[in-house]
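K.L.:
requesting a structural model of the entry that follows:
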Amino acid sequence: MQVRVKLFAGLRERAGADELSLELPEGARVGDALEQVRWLTRDLPVVMAINLDYADREAELHAEDELALIPPVSGGAVAAVHARVVSRPLSADQLQDRVSDPRAGAVVTFMGVTREVPALDYEAYAEMAERQLAAIVAAAIEQHGLCAAAVEHRVGRVALSEPSVIVAASAPHRAEAFAGARQIIDQVKAMAPMWKREEGQWVPGAPPQAAPDPPSR
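P.N.:
Reported below is the predicted structural model:
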């Protein structure tokens, strides 16, 4: 059977392609695919995902699956959730409007901006990243009793002092709004499959963690 292997950042550059096609026997697992691409991953710890969901080495593969190899990252359904990966410039005002709520007595916004270098280049596994971002935002809303929350992360070139990520959270009181916004940005940095390149080099990071499960309704 054939399995597509999707590549990002340094792995994509090593392979010279966005994806590879592997021929594997029926019943093959993720570990079998990794053995075939050891020449590519070599010194990089990678996290795997099958069809946009994180997976371990023992997960079974099926014909036409999309297996993503995710190198170390740099650094929903609920109406109140807004989570997007975009290529356009970000606007704090627009994101703040998205979390406006008559119940809210506090709105907190956070912007992560490019510093010290002329520009940073961001890349993302966009489809999976948006799913992870939505789960992160939904969990923060549930945990901190937020009225609404939103996050947008930019991809492409982000010039000096321009925002690469913006978080907005609204809540009845400031403590919850601050805590929710802080949790969202911390988890985005740790969990979302995104990478940044500074002056031609991919910035080292850590293997991404799985995003929290969406709250049950």
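
K.L.:
drop to CA atoms for contacts and neighbour counts, all remaining ones
P.N.:
Will do.

K.L.:
got any ranges where this protein has weak pLDDT?
P.N.:
The chain contains residues with pLDDT under 70 at 73-80, 205-217.

K.L.:
so for this protein, the centremost residue is which one?
P.N.:
The centre of the chain sits closest to residue 192, judged by CA atoms, centre = their mean, with a distance of 2.3 Å.

K.L.:
surely it is in contact with residue 129?
P.N.:
Yes: with contact defined as CA atoms under 8 Å, residue 192 counts as touching residue 129 (5.4 Å).

K.L.:
residue 107 bridge partners, please.
P.N.:
residue 170 (DSSP bridges).

K.L.:
distance of it from residue 177?
P.N.:
Applying CA to CA, to the nearest Å, the value for residue 107 to residue 177 is 6 Å.

K.L.:
which residues do these two both contact?
P.N.:
Taking CA atoms under 8 Å, 6 or more residues apart in numbering as the criterion, residue 107 and residue 177 both touch 169-171.

K.L.:
show me which of those residues is closest to residue 184.
P.N.:
Taking CA to CA as the measure, residue 184 sits nearest to residue 169 out of the shared contacts of residue 107 and residue 177, at 9.1 Å.

K.L.:
pull the number of nearby residues for residue 102.
P.N.:
10 (other CA atoms under 10 Å).

K.L.:
to clarify, my last question referred to residue 96.
P.N.:
Counted with other CA under 10 Å, the neighbours of residue 96 add up to 20.

K.L.:
please, which helix or strand holds it?
P.N.:
Taking DSSP states H and E as the criterion, residue 96 maps to helix 92-98.

K.L.:
so how far is that helix off the chain centroid?
P.N.:
20 Å (CA atoms, centre = their mean, to the nearest Å).

K.L.:
and for it, what's in contact with it?
P.N.:
82, 107, 109, 111, 148-151, 166-169.

K.L.:
in it, what counts as buried?
P.N.:
When burial is assessed from 16 or more other CA atoms under 10 Å, helix 92-98 yields the following buried residues: 92, 95-96, 98.

K.L.:
can I get it as PDB, trimmed to CA atoms?
P.N.:
Extracted in PDB, the C-alpha atoms of helix 92-98 (Å, rounded to 0.1, in the frame of the first residue of the first chain):
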ATOM      1  CA  ALA A  92      -5.400  43.300  17.500                       C
ATOM      2  CA  ASP A  93      -8.500  45.400  17.000                       C
ATOM      3  CA  GLN A  94     -10.200  42.800  14.800                       C
ATOM      4  CA  LEU A  95      -9.400  40.000  17.200                       C
ATOM      5  CA  GLN A  96     -10.600  42.100  20.100                       C
ATOM      6  CA  ASP A  97     -13.900  42.600  18.300                       C
ATOM      7  CA  ARG A  98     -14.300  38.800  18.000                       C
END
